[in-house]
Structure formats: C-alpha cells, structure tokens
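Asker: Sequence plus predicted model, see below.
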Amino acid sequence: MVKPQLGQLEAEQLNTQINLNPDVVIVGAGIAGSALAYVLAEAGLNIVQLEKTLQHKDVVRGEWLAPWGVLEATQLGLTDIYETEGAHRLARHISYSEFLSRDEAEAMTFEMARDFPEVPLCLGHPRTCNLLNSIAVESGVTLCRGITRLQVAPGKPPTVDFEWENLSYSLMPRWVVGADGRNGVVARQIGCVTEHDQEHHLFSGMLVENAYDWPEDLQVIATEGDANVLAFPQGEGRVRIYLGWPKEDRTRLVGPEGPKHFLESWQLECVPHSAVITNATPASPCIAYPNFDAWVDTPVREGVVLIGDAAGRNDPIIGQGLSISHRDVRLVRDAMLGEKDWTTDIFNDYLSERQERMSRLRTVARLTSLKDSAFGETGRKMRHEIHERIAKNPELATPNAAAFIGPEVLPADVFSEAFTRQIVGQPIWSDLP
Ligand SMILES: Cc1cc2nc3c(=O)[nH]c(=O)nc-3n(C[C@H](O)[C@H](O)[C@H](O)COP(=O)(O)OP(=O)(O)OC[C@H]3O[C@@H](n4cnc5c(N)ncnc54)[C@H](O)[C@@H]3O)c2cc1C
C-alpha cells in the first residue's frame, strides 16, 4: 500500500498521537506486553504499544496465577492492583484420582498458605488484560488497537511498520518487544525458528456461572477414564474449568453442543462436588487446543526481544504461562532499566535464566501429562503405575512442586532423566501414551 501523503497539519497531529521514535515499541497487549508496558512507562520510558484486536475476548487463556507468579507480580507492583480488581485467592488444592478414595486424596490436601510462600490468584483473562491496558495508558503508554500489516525488522535501530485507522506508520524505536503470543508473527519476522514437542492430548477451558455450591477456596485436579479435569473458582459462583481428553477424540467439543459435552465430561465419581459443575451455566466458549511445549531458538535479535508465549510457551497442563510472563517482564524490565546503552548483551541473564526455567517446566508438564492425561488402556496402566510409584516413594512427587514454588527453587537433579525415569519407569521423552 502507498503511504498516505500527509499535510503538515495532519503530520503534526499524528506526531502528538504517536511518537515515531519512542524508547520501546511493544507488540501485543496481552498480559506479558501490557504488564511490561506499564512497568516501563512507570519508570519514565516512552512506550508505544500495538495490538491487533479491538477488544480482549475470552479465547481460553490462563486465569490461574501460581504462587511463584504472584511473587513475581508483587515485584512488579501488580498483586495489589489485581486484588483491588477482584482477583480471587485460593486456599486449598486437592488432586482426586480414580486410583484413590476421596478420603485418601483429601488427606494429601495442599494448604496453600502453609505449604507455599504465597497463595494462587484467579482473575478473568480479558479482565486482567483490560486492567493492565488501562493502568499502562494512565502511566503514559500510547496504545493503538486494531493495527494491521505489522512488519518488524531487526536492526540498529529496528523498524516497525503497520497500519492503523487507515494510515501507515513507520516507527524507529530504540528497541522492540515482541509479546504477540502463541500465534504471533514477530518471532518469524525477525528470523527465529520455532520448535515444538509432539501434541500429547487436547485441552480446553470454559468459564461457568451459578456454581455457588463449589467450595470457593478449593482448586481441584482429577482424572477418571478419559477425562482430566481442573477447577479454579473465581468467587461469586464463577469457576474456570478445564478439560483434557484423548487427541483421537478430536470432535468432542465441536459445535453448539460443545459446552454441554464439556460439562458432561465432569461426571466423575472421584470428585465430590462434580455435580455442581455439571449443573452450572456455561459463560464462555470452549475453544480446544492441542497441548505441547513450543520454543524459539534464541528470542533476541538486534533491537528486538521476545517475551511471554512469543518467546516460547509451556504446555498449559500445569498453568504456568502467566507466571512465566510475569518473570519475563521483570527480567526484561531490569535489563532495560539497568543499562543506558541497549544491546542484545543486556538480555544475556534473561536468556540463560529463561532457557533453564522453560526446560525444567517442560519436564514437569511432560510428567504431569503422563501422570494425569495419558488415556486409553495403555495410558491408564501407565498412570496407575506412576501413582503407585509415587505412593511408595513420595519423594518422586518433588518435580510437581515446581508448578507452585517455581522451577528454580528445586535442585536440578529432580528434572534429570535419571530421576524422572524412576517416576515413569522409562525415559519420559520416549514414545509413550
Ligand atoms: C487452554 C489454556 C489454558 C491456560 N491456562 C493457564 C493457567 O491457568 N495459568 C497460566 O499461568 N497460564 C495458562 N495458560 C497460558 C497463558 O494463557 C499464556 O501463557 C499467556 O496468556 C501468555 O501471555 P502473552 O501476553 O504472552 O500472550 P497472549 O495472551 O496470547 O497475548 C498476545 C497478544 O498479542 C496480540 N497479537 C497477536 N498478534 C499480533 C500482531 N500481529 N500485532 C499486534 N498484536 C498481536 C494478541 O491479540 C494478544 O492480545 C493457558 C493457555 C491455554 C491455551
């Protein structure tokens, strides 16, 4: 498209709207991009943020912030803001299973405040994005929504071309942050290569209302037959529920009956309050995704760094993406505020920490998939054997704690092949159900 010829007046008006040479352009106004926009603007940097959608919709993203993610949010000054907006604190976690009686499962309840340094928080995803957008704008961020034809080129300086409200723009910031999520384009445009694991199972989430009899302080994970279910209450009768099921059954949630089939999958003997969910009212779509980890080679190029899902994502089975995003934001913020001269080298600590963090979480997600979401006869047998090994030697459950306390807190050897082989009975990356 030919760039419009602007008259002098128009150009001046435009320049008051968008700084063509800001400190940072952030692509994506999800949680990662918006949290970073807010903290950098608060530190006095000039930020332009570009978002392709006109409003945040429920496309099934994370709404459970792990205890270690809450600690990260606190370091960014966000936890109080989330709580003022109504973020819901959870006090207990129970893992029910077809291999345990309810009493046996409840005897192993995690009391969040007792067992972890923080308690998890639940807050609707579109609501959190809107909240972050509004505090970022109040702090001086220029947020452009509905942009199209984005083109990012690395360099010194990098360039960001896009169209917005029928005009073309070409920005030359000091730095660009790609926070455009799992289906983003910035990684590809700057030449990053994405790799991923094999799809393991299918996964979907749905918000339900009128679930007033679900205990408001209790999160639950359970597997029975061909359903792995998760529930995270949000208060006032709302619960975010998730479902994992065999990848061979691709059409289970397809079509207008999808939400009904989702609720039916919750008819489980092993979960005491499951009828509260099956009788609840669907309050969102239930989009399904294949579950696996994906990552890019090195999420930095001259003038551009990637954060959040754009830099590589963990399998949602262990609900870590929001915590990962908050840590990315802290490390990238500290790198930028710690140096006047921005080069790719300032992100070295971020890159090495992220690589180890994501590698450990990938292992935990794989173990969790095998323990909770392996289906069919062979999968059930493997799940049963894993549960028995852990019951005999509770030390084998150690890697799971990473999803609550953070992957860096545990010793490296619990993520090793030698350790994980004891849990699964064979190498965890071999061809397993
Ligand atoms: C089913 C499911 C359940 C999950 N559950 C949890 C959970 O319970 N807890 C948890 O911690 N994590 C969970 N996650 C992961 C979590 O949602 C993500 O890791 C997190 O949302 C990543 O944030 P982000 O800002 O990087 O990406 P996103 O939230 O995807 O935001 C990216 C933004 O960039 C915008 N964008 C994309 N392309 C462009 C473009 N070309 N130009 C401009 N803007 C663009 C998008 O519109 C979007 O607003 C789950 C994920 C899934 C799929």
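Answerer: Thanks, I have it. Residues are numbered from 1 along each chain as shown.
Asker: Find the nearest non-adjacent residue to the residue most central in space within the chain, please.
Answerer: Using CA atoms, centre = their mean, the residue of the chain that lies closest to the mean C-alpha position is G321, 2.3 Å off. Nearest non-adjacent residue to G321, counting by CB to CB, 6 or more residues apart in numbering: G62, 4.9 Å away. Where you see a C-beta, it was placed from the backbone N, CA and C, and this is true even at glycine.
Asker: What does that neighbour show for phi and psi?
Answerer: Listed backbone geometry of G62 is phi -70, psi 140, with angles given as degrees, to the nearest 10.
Asker: ok, back up a step: close enough to count as contact, the residue nearest to the centre of the chain and I307?
Answerer: No: when contacts are counted by CB atoms under 8 Å, G321 is not listed as touching I307 (11.5 Å).
Asker: C-alpha coordinates for the one helix or strand L36 maps to, PDB please?
Answerer: With elements taken from DSSP states H and E, the one containing L36 is helix 31-42. The C-alpha atoms that make up helix 31-42 are tabulated as PDB, following Å, rounded to 0.1, in the frame of the first residue of the first chain:
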ATOM      1  CA  ILE A  31      -0.700  -9.900  29.900                       C
ATOM      2  CA  ALA A  32       3.000 -10.000  29.100                       C
ATOM      3  CA  GLY A  33       3.000  -7.000  26.800                       C
ATOM      4  CA  SER A  34       0.700  -4.900  28.900                       C
ATOM      5  CA  ALA A  35       2.500  -5.600  32.200                       C
ATOM      6  CA  LEU A  36       5.800  -4.700  30.600                       C
ATOM      7  CA  ALA A  37       4.300  -1.500  29.000                       C
ATOM      8  CA  TYR A  38       3.000  -0.500  32.500                       C
ATOM      9  CA  VAL A  39       6.300  -1.000  34.400                       C
ATOM     10  CA  LEU A  40       8.500   0.600  31.700                       C
ATOM     11  CA  ALA A  41       6.200   3.600  31.500                       C
ATOM     12  CA  GLU A  42       6.100   3.900  35.300                       C
END
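Asker: need the next SSE after the helix ranked longest in the chain, C-terminal direction.
Answerer: Using DSSP state H to define each element, the chain has its longest helix at helix 348-372. Under the assignment DSSP H and E, the closest C-terminal helix or strand after helix 348-372 is helix 376-392.
Asker: The following helix or strand past that next one and the ligand, any residue contact?
Answerer: Scanning the chain past helix 376-392 towards its C-terminal end, the next helix or strand to appear is helix 402-405 (assignment: DSSP H and E). No: in terms of CB under 6 Å from any ligand atom, no part of helix 402-405 sits within range of the ligand; the closest distance is 9.5 Å.
Asker: Mind checking what secondary structure A105 has?
Answerer: Under the three-state scheme (DSSP: H, G, I helix; E, B strand; the rest coil), A105 adopts helix.
Asker: Skipping its backbone neighbours, what lies nearest it in space?
Answerer: Y96 (4.7 Å).
Asker: Nothing else from me, thank you.
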